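S.K.: Here you go, sequence then predicted model.
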Protein chains: 4
Amino acid sequence: MPSGRPRDEDARIRILGSVVELVASRAPGQVTINEIARAASVGKQTIYRWWPSKTAVVLDALVEGTMKATPFRATDDIRSDFERHLRSVAVLFASPTGSVIRELVADAQSDPQIADEFRDRFWAPRRELSLDRLRRGVDLGRVRDDLDLEVVLDAVYGPMWLRLLIGHLPVRASDATAIGDAVWPGIDTGGDFGPETR
Amino acid sequence: MPSGRPRDEDARIRILGSVVELVASRAPGQVTINEIARAASVGKQTIYRWWPSKTAVVLDALVEGTMKATPFRATDDIRSDFERHLRSVAVLFASPTGSVIRELVADAQSDPQIADEFRDRFWAPRRELSLDRLRRGVDLGRVRDDLDLEVVLDAVYGPMWLRLLIGHLPVRASDATAIGDAVWPGIDTGGDFGPETR
Amino acid sequence: MPSGRPRDEDARIRILGSVVELVASRAPGQVTINEIARAASVGKQTIYRWWPSKTAVVLDALVEGTMKATPFRATDDIRSDFERHLRSVAVLFASPTGSVIRELVADAQSDPQIADEFRDRFWAPRRELSLDRLRRGVDLGRVRDDLDLEVVLDAVYGPMWLRLLIGHLPVRASDATAIGDAVWPGIDTGGDFGPETR
Amino acid sequence: MPSGRPRDEDARIRILGSVVELVASRAPGQVTINEIARAASVGKQTIYRWWPSKTAVVLDALVEGTMKATPFRATDDIRSDFERHLRSVAVLFASPTGSVIRELVADAQSDPQIADEFRDRFWAPRRELSLDRLRRGVDLGRVRDDLDLEVVLDAVYGPMWLRLLIGHLPVRASDATAIGDAVWPGIDTGGDFGPETR
DNA sequence: TACTAAGCGAGACGGTACGTCAAGTCTTTAA
DNA sequence: TTAAAGACTTGACGTACCGTCTCGCTTAGTA
């Protein structure tokens, strides 16, 4: 039985909220721990008690805030499911959360531990969902079964991620269709199974 | 006619060399200007005299060091040209230069000016070459003409870049073929024009 | 031959000056390094580059500022020399420097190294002068030669120091005479040698 | 009639005991409230419920622990009484309590309130006893009646206090005699009244 | 051959944020 | 209501880098 004052759950929420707010309000990487603490009306020590670094807080804020932001609709029209998902990814990337992700990927370059956690807690769960959907397509006989599915996913989501991180082009929900147009014909079996047909 | 002592070209070379060496030797983003200066046996001021910031040095080191590292072979077998190029990209990303690129993309997230310069000096020139190759394919009638070519390029190079930046999978030259297998069938016109045929 | 930018002597002077000013302006021990740095228009690092701790700065400020504040007049009238010296000590203790000394003695209680330095650099030189004067009195046959001179000095200066540190009574220059009246008759040989006589 | 759980008297004793123990075991001023609480197996709040600050606890520990440690023998041999007292003071200063006193005097330099309390509760009661003894000597005609008795006491006890606080010489019981030798001849009336004579 | 102008290595400078530490307060459960 | 436990806010600490500055010295071109 734990004794002593329990962790202040409200403080935790205020901290994560302030992180998203601050990261979105300026260039990522320009947010300081002091600012977060002040914005959340919290002592710096309270942050360091529960997170090992600023980036760890940002990661928590990201994971917590986007757990259900990009759901996958599961129909038998796999391509359509993906395009729909791509659209929700685009919306997410264009939102303040997009800045949080950029900040995090940047920090992950210099901290392998953050990189691991980012992949485990943010990337992998989403990836798994996409992979499931793709495998379902293979099972249905609508997606080729001779492909490296990891490569397929990288090709499908690559455009969105690259534009977020490189910035050579804007991230637009409307590109979801263009991605489908470019990638899907090479992916599907070409069979005519009704709703899958185009 | 300029008087005074001329710029020490050797110092410039030592600086750019030390940058690559140091960035490769540890987690990117952990390299300090002081270390670079010390490693290059150079005063810090000499760096700031010629570059506005540490990241600018890194960018120069990158541009200088990769000017000819990923050449594009130009044949009429477009797919083959791309796969060959992808292989050279993989080799580059796996080399110390890969770390330099990661460092730079990380820094670009927080500094729009760096982002601009990175795109102008590193990304765009390569992109242009790829785009030219792709347009040539369209002209030859071997690549579909109804596609958003930017999206196609993002899909083709996305896997390599994503693996470099996210690290969910290793960057391997052998994946070049898998990328071709997954993406190309949706790109080409399916016509039988000889060398292009598969 | 030293290379690099030389130490900024003006900064050193500003720092020591600000220390005295700040220590005098409030309760000793309430002065922070940040305040000193700000008041001296100096980076905190500049302080830490040259002194290991705040207290070391305070000690330097004290030693530097009082090197000649309490001179000893050397006549053959030993008692008179001491009373004069006691008066200058009282004046020193009542000045801002008094606060600096209190701060320093306080810090010395918790840091043996500071205590050593304080004794070596502030206490001992003054003590030596007093001891010399007293020995001269012995040589002249006007001060008893059967006494522990260290004890005598502690008894002579004890009242001033105790009042500075304990604060049970004010430090007044006029007490110099009272101290002479109380202690001297037990110290001198009682002989009548002219100016020494009372 | 008070309800609720009664104050734990044992906790109070454990706290004061731990303070003395801890202050003696390291450089004074390095003891934290957390350590005291832990050593006394007590919650920090229990300390703050009964004392306003850490230093107040230390003061209580001092006053409580030394209430009868330096008694004054009252005979008609005033000098002898003082020397005996000086010896007990030396013993006290050399004991763990000496460290407590040093800590307290140090803290008193930066906190006038602590300084007041220290003087009221520790210094003044002892001082009053000494003063009484000295006045008795005046009444007996064995101590000069033309002296500032406060100055006399500062001169008599100064050596012990100075050595405790400055540390230029050790505090030794044997110095009590040397102090008597140096100071007393100037204090007494020189008359031959039997036991007082030397 | 001197003089002038700029570059050079070195390292101190003012400044900002960091992550740690202790003080004193608050909030829980148990007695 | 008090106690132990321990989380809380606050604010100073000492460190690390940044980008700028100043020193003595070097390396050209100009006079």
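M.R.: Looks like it came in fine. Numbers count the residues shown, from 1 in each chain, chains lettered A, B, ... in the order given.

S.K.: How about the residue of chain A found nearest chain C, nearest residue that isn't a chain neighbour?
M.R.: Nearest residue of chain A to chain C (CB to the nearest CB) works out as A:Asn34 at 14.1 Å. C-beta here means a position set from N, CA and C on the backbone, and glycine is covered the same way. Spatial nearest neighbour of A:Asn34, excluding adjacent residues (CB to CB, 6 or more residues apart in numbering or on different chains): A:Lys44 at 6.6 Å.

S.K.: For that neighbour, give me its contacts.
M.R.: If a contact means CB atoms under 8 Å, 6 or more residues apart in numbering or on different chains, then A:Lys44 has A:Ile33, A:Asn34, A:Ala37 as its contacts.

S.K.: Of the residues you listed, just the buried ones, PyMOL syntax please.
M.R.: Remark: buried members of the contacts of A:Lys44, expressed as a PyMOL selection using 16 or more other CB atoms under 10 Å in any protein chain shown:
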select buried, chain A and resi 37
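
S.K.: so which of the contacts of A:Lys44 comes closest to chain B?
M.R.: Of those, the one sitting nearest to chain B (CB to the nearest CB) turns out to be A:Ile33, at 15.6 Å.

S.K.: who touches A:Pro170 in this structure?
M.R.: So A:Pro170 contacts A:Arg163 (CB under 8 Å, 6+ apart).

S.K.: That one in helix, strand or coil?
M.R.: coil (DSSP: H, G, I helix; E, B strand; the rest coil).

S.K.: shouldn't A:Arg79 be in contact with A:Gly186?
M.R.: No: between A:Arg79 and A:Gly186 there is no contact under CB atoms under 8 Å: 11.8 Å.

S.K.: so the closest residue to chain B within chain A is in which element?
M.R.: Nearest residue of chain A to chain B, counting by CB to the nearest CB: A:Gly158, 1.6 Å away. In this assignment (DSSP states H and E), A:Gly158 forms part of helix A:149-166.

S.K.: Please name every helix or strand in contact with that helix.
M.R.: Packing partners of helix A:149-166 (3 or more CB pairs under 8 Å, 6 or more residues apart in numbering or on different chains; DSSP states H and E): helix A:78-94, helix A:96-110, helix A:124-140, helix A:175-187, helix B:96-110, helix B:149-166, helix B:175-187.

S.K.: returning to what we had before: could you check how far the residue nearest to A:Asn34 is from chain D?
M.R.: A:Lys44 sits 18 Å away from chain D, going by CB to the nearest CB, to the nearest Å.

S.K.: Could you do A:Arg14 as well?
M.R.: Separation of A:Arg14 from chain D (CB to the nearest CB): 25 Å.

S.K.: State the helix or strand in which that residue lies.
M.R.: helix A:9-25.

S.K.: Can that helix be said to contact DNA strand F?
M.R.: Yes: shown here: helix A:9-25 in contact with DNA strand F (CB under 7 Å from any atom of the strand) through A:Ala11, A:Arg12.

S.K.: Quick one: residues in contact with the helix or strand following that helix.
M.R.: The element immediately downstream of helix A:9-25 (helix or strand, assigned by DSSP H and E) is helix A:33-39. By CB under 8 Å, 6+ apart, the surrounding residues in contact with helix A:33-39 are A:Ile15, A:Ser18, A:Val19, A:Glu21, A:Leu22, A:Val42, A:Gly43, A:Lys44, A:Thr46, A:Ile47, A:Lys54, A:Val57.

S.K.: Pretty sure A:Leu129 sits against A:Phe72.
M.R.: Yes: A:Leu129 is within contact range of A:Phe72, at 5.0 Å (criterion: CB under 8 Å).

S.K.: Now tabulate the helices and strands packed on helix A:149-166 in JSON lines and tack on mean pLDDT.
M.R.: Formatted as JSON lines, these follow (pLDDT from 0 to 100):
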{"stretch": "helix A:78-94", "mean pLDDT": "96"}
{"stretch": "helix A:96-110", "mean pLDDT": "94"}
{"stretch": "helix A:124-140", "mean pLDDT": "96"}
{"stretch": "helix A:175-187", "mean pLDDT": "95"}
{"stretch": "helix B:96-110", "mean pLDDT": "94"}
{"stretch": "helix B:149-166", "mean pLDDT": "98"}
{"stretch": "helix B:175-187", "mean pLDDT": "95"}
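
S.K.: could the ones you listed go into CSV alongside mean neighbour count?
M.R.: Formatted as CSV, these follow (neighbours: other CB atoms under 10 Å in any protein chain shown):
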stretch, mean neighbour count
helix A:78-94, 20
helix A:96-110, 23
helix A:124-140, 16
helix A:175-187, 22
helix B:96-110, 23
helix B:149-166, 23
helix B:175-187, 22
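
S.K.: Whether the host helix or strand of A:Gln113 contacts chain B - can you check?
M.R.: Using DSSP H and E, A:Gln113 falls within helix A:112-118. Yes: using CB under 8 Å from any CB of the partner chain, we find that helix A:112-118 touches chain B at A:Pro112, A:Ala115, A:Phe118.

S.K.: just checking, what packs against that helix?
M.R.: Against helix A:112-118 (3+ CB pairs under 8 Å, 6+ apart) you get helix A:54-65, helix A:96-110.

S.K.: now the longest one, how far from the centre of its chain.
M.R.: Read it as helix A:96-110. How far helix A:96-110 lies from its chain's middle: 10 Å, per CA atoms, centre = their mean, to the nearest Å.

S.K.: Does DNA strand F have contacts with it?
M.R.: No: Helix A:96-110 lies apart from DNA strand F when judged by CB under 7 Å from any atom of the strand; the minimum separation is 11.7 Å.

S.K.: Compute the inter-axis angle for that helix and helix A:54-65.
M.R.: 140 degrees (axes from the mean of the first three to the mean of the last three CA atoms, to 10 degrees).

S.K.: Check what contacts helix A:96-110 and list those residues.
M.R.: Looking at what lies outside helix A:96-110 - CB under 8 Å, 6+ apart - the contacts are A:19-21, A:23-24, A:28-29, A:31, A:55, A:58-59, A:61-62, A:65-66, A:69, A:92-93, A:114-115, A:118, A:122, A:164-165, A:171, B:27-30, B:102-103, B:105-107, B:109-110, B:165-167.

S.K.: again, only using 6 Å
M.R.: Residues outside helix A:96-110 that contact it (CB atoms under 6 Å, 6 or more residues apart in numbering or on different chains) are A:20, A:23-24, A:28-29, A:55, A:58-59, A:62, A:66, A:114-115, A:118, B:27-30, B:102, B:106, B:109.

S.K.: how about it, does it get close to DNA strand E?
M.R.: No: judged by CB under 7 Å from any atom of the strand, helix A:96-110 makes no contact with DNA strand E; its nearest approach is 10.5 Å.

S.K.: try stretch A:111-128
M.R.: No: shown here: stretch A:111-128 not in contact with DNA strand E (CB under 7 Å from any atom of the strand), separated by at least 9.8 Å.

S.K.: Quick check: end-to-end length of that stretch?
M.R.: 24 Å (CA to CA, to the nearest Å).

S.K.: Please work out how many residues are found near A:Gly65.
M.R.: 18 (other CB atoms under 10 Å in any protein chain shown).

S.K.: what's the distance between the closest residue in space to A:Glu21 that isn't next to it in sequence and chain D?
M.R.: Leaving aside its chain neighbours, A:Glu21 sits nearest to A:Ala39 (7.0 Å; criterion: CB to CB, 6+ apart). A:Ala39 is 29 Å from chain D, where distance means CB to the nearest CB.

S.K.: okay, now A:Ala39: neighbour count?
M.R.: 17.
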